[in-house]
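Participant: Give me coordinates for this.
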Amino acid sequence: MIDPSAQVDPRAEIGEGVEIGPWVSIGPDVSIGAGSRIEAHCVLRGPTRIGAGNHIFPFCSIGDHPQDKKYTPGHGESRLVIGDGNTIREYCSINRGTPGGGGVTSIGNDNWIMAYCHVAHDCHIGNHTVFANNTTLAGHVEIEDHVILGGFTGIHQFCRMGEGSFSAIAAVIVRDVPPFVIVKGNTARPRSINSIGLKRRGFDAETVATIKRCYRALYRQGWRLEQALAEIEREAADCAPARAMLEFIRASSRGIVR
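Facilitator: Below is the predicted model of the structure:
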């Protein structure tokens, strides 16, 4: 179902049951999976791969050149990969990757990206995330599964948001946020664990209590990081989420919010 006013390059790959609204522009080397819906005035550029069952609302720019002065079109890999079942609301912009950053911007499955959000080059977003309005990701940001970003959140280049973490409205994040931690403020500081999110996902009371003890070791005891990590390592022996927190912190290159 393609509106007569839409401009679809004959080299684009359009899956079964795709709906393309009025005044949409789709360039070559764009692939759209079955059952997706592209609403009015969207612009899709490639190389871009969009999976099945996605819904992209009006006036979005998907897969255009990265906003990087070092980028030269046609020189090195630059692509965007989007999974299945994502909702991308009005006026969002999602850029392709850069050769210097791995070449790929990726978005997983079942994400909810609200109006006016921006995902810059070489970002990697997992599954089941929520980006509230005007969330902005600079280049090379990594967002793990089940993360929720409050409206007007801004994230610095190369930062990582761990699984199940949460940012309050207008947070400015310049360091990595460990899994299951809530941050707020400019610049963002840790406030608590995301206990409501954990319960909604079915974590049992014992696991939530263990994550709370890890949080206290990290932020409430006044310990040096090495001492806190030793305590988290003891908790991680019998708790997979605690292990995820430990591994995330140890892998951090920018350092974690403190």
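Participant: Now do the contacts for residue 140.
Facilitator: Contacts here follow CB atoms under 8 Å, 6 or more residues apart in numbering; on that basis residue 140 touches 101, 120-123, 157-158. For glycine as for every other residue, the C-beta is placed from the backbone atoms N, C-alpha and C.
Participant: hmm, 6 Å instead?
Facilitator: 101, 122, 157-158 (CB atoms under 6 Å, 6 or more residues apart in numbering).
Participant: Residue 245 versus residue 228, what's the distance?
Facilitator: 11 Å (CB to CB, to the nearest Å).
Participant: Mind checking which of these two has more residues around it?
Facilitator: residue 245 (29 against 20; other CB atoms under 10 Å).
Participant: Identify the residue nearest that one in space, chain neighbours excluded?
Facilitator: When the adjacent residues along the chain are set aside, residue 245 lies closest to residue 179, with 4.9 Å between them (CB to CB, 6 or more residues apart in numbering).
Participant: Need the three-state assignment for the one you found.
Facilitator: coil (DSSP: H, G, I helix; E, B strand; the rest coil).
Participant: repeat for residue 31
Facilitator: strand.
Participant: Chain neighbours aside, what residue packs nearest to it?
Facilitator: Excluding the flanking residues, the one nearest residue 31 by CB to CB, 6+ apart is residue 13, at 4.1 Å.
Participant: Would you confirm that that neighbour contacts residue 30?
Facilitator: No: applying CB atoms under 6 Å, one finds residue 13 not in contact with residue 30, separated by 7.3 Å.
Participant: Looking at those two, which is more packed in?
Facilitator: Using other CB under 10 Å as the criterion, residue 13 and residue 30 rank with residue 30 on top: 24 against 15.
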